[in-house]
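Colleague: kindly generate the corresponding structure for this input.
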Amino acid sequence: MKVPHRQHSCSAFFIGCAVLVVLFITACSSAPKQQEPPRAAALEASKFAGYGNTFYTEARYEKAVEMYTMALNSYIRIDDQLGTIVCYNALGKTFLAQGHTKKAEQMFQAAISSLTTFRPIDEAEPKIKKAAAETYNNLGELAFRSDRHSEALNWFEKGINLIADTEDSAGTLAILLHNRGTVYRAQNQLEKARREFEEALAINRKMDNLLEIASNHYMLGVIALQQHSLERAVDHAEKALEFDKLTENSVGIGHDLFLLGRNHIQMEDSETAREYLQRARNIFAALELDREHEKVVEYLQRNNL
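Modeller: From the prediction side, this is the model:
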């Protein structure tokens, strides 16, 4: 989900937040293939999780919670600990996007508890390390939302250190770097923040991860606006909008348009600014995201638009 300090997406879920698109992993055997019975519960869980991801991206959070809960129950029934951890994280991200921080924390703590099955984590399989790093990232996002910046940095750095040399975890590493950059920005360490976002962007470009590329460009645009580098800010915001439209990330599109509107106010181009801001307002209204909608309306009024 894209918020003023866009995390992953969500993201996250799109906190990013953002938004983050959640990957649901099921174990598979490396033994020679026999005529294995279909894993009905695992397939069912994966199906529900996929629906949850779609609803999350569309900001239909109640439906996402319903689907993730059904996936979680399916994984629990077959004692799939990894699937259970990923579902707890997905539910927590969704609750966080809704502003339900206590529910989110309960889910993330449940994920932490489930990880004890795989101790010691630093000696676990790469997919377990990745799930652990995603859990640490989520706890970092939760701490950041509560203005506990030092705690957030500790969680992000714990995740980075765990998977820095782990195969197939580059996407998670990019999210952690991005979110660490978000904390640096909040601390007004703009150059440190910019380097984090650029490093994350380089990783996501290699992976062709469009949602995260959009998120990185958005935050680079925010940094550029703060530094009064208006042309660079517009360039990043336009790129964020381009990639968010490719993935039909409605929440992200709304924030990109809001950022472009703020840029054009600074450039004293009120007509263009009004167009972008009204489009952002319309998107947030359609998504029933009242808090974001109110921010745009207040900004329009404050600038007599």
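
Colleague: give the buried residues for the helix or strand bottoming out on mean pLDDT in the chain.
Modeller: The weakest-scoring helix or strand in the chain, judged by mean pLDDT, DSSP states H and E, is helix 40-57 (a mean of 92). When burial is assessed from 16 or more other Cβ atoms under 10 Å, helix 40-57 yields the following buried residues: 41-42, 44-46, 48-49, 51-53, 55-57. No exception for glycine: its C-beta is placed from N, CA and C like everyone else's.

Colleague: can you list the residues you listed in JSON lines and add distance to Thr247?
Modeller: Formatted as JSON lines, these follow (distance: Cβ to Cβ, whole Å):
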{"residue": "Ala41", "distance to Thr247": "30"}
{"residue": "Ala42", "distance to Thr247": "27"}
{"residue": "Glu44", "distance to Thr247": "26"}
{"residue": "Ala45", "distance to Thr247": "24"}
{"residue": "Ser46", "distance to Thr247": "21"}
{"residue": "Phe48", "distance to Thr247": "21"}
{"residue": "Ala49", "distance to Thr247": "18"}
{"residue": "Tyr51", "distance to Thr247": "17"}
{"residue": "Gly52", "distance to Thr247": "17"}
{"residue": "Asn53", "distance to Thr247": "12"}
{"residue": "Phe55", "distance to Thr247": "15"}
{"residue": "Tyr56", "distance to Thr247": "13"}
{"residue": "Thr57", "distance to Thr247": "8"}
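
Colleague: nearest to Asn303 among those residues?
Modeller: Relative to Asn303, the closest of these is Thr57; by Cβ to Cβ it sits at 30.8 Å.

Colleague: can you tell me the closest non-neighbouring residue to the closest one?
Modeller: Asn249 (6.3 Å; Cβ to Cβ, 6 or more residues apart in numbering).

Colleague: so how far is Ile223 from Arg232?
Modeller: 9 Å (Cβ to Cβ, to the nearest Å).

Colleague: which residues does Asp70 contact?
Modeller: No, residue 70 isn't Asp; it's Met. Ala45, Phe48 (Cβ atoms under 8 Å, 6 or more residues apart in numbering).

Colleague: tell me which element it is part of?
Modeller: If you go by DSSP states H and E, Met70 is part of helix 61-77.

Colleague: send the alpha carbons of that helix over as PDB?
Modeller: The C-alpha trace of helix 61-77 is given here as PDB (Å, rounded to 0.1, in the frame of the first residue of the first chain):
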ATOM      1  CA  TYR A  61      -9.500  -5.400   2.800                       C
ATOM      2  CA  GLU A  62     -12.500  -7.100   4.500                       C
ATOM      3  CA  LYS A  63     -12.600  -9.600   1.600                       C
ATOM      4  CA  ALA A  64      -8.900 -10.100   1.800                       C
ATOM      5  CA  VAL A  65      -9.100 -10.900   5.500                       C
ATOM      6  CA  GLU A  66     -11.800 -13.500   4.700                       C
ATOM      7  CA  MET A  67      -9.700 -15.200   2.100                       C
ATOM      8  CA  TYR A  68      -6.500 -15.200   4.100                       C
ATOM      9  CA  THR A  69      -8.300 -16.600   7.100                       C
ATOM     10  CA  MET A  70      -9.700 -19.500   5.000                       C
ATOM     11  CA  ALA A  71      -6.200 -20.100   3.600                       C
ATOM     12  CA  LEU A  72      -4.700 -20.000   7.200                       C
ATOM     13  CA  ASN A  73      -7.300 -22.600   8.400                       C
ATOM     14  CA  SER A  74      -6.400 -24.900   5.500                       C
ATOM     15  CA  TYR A  75      -2.700 -24.700   6.200                       C
ATOM     16  CA  ILE A  76      -3.300 -25.300   9.900                       C
ATOM     17  CA  ARG A  77      -5.300 -28.500   9.100                       C
END
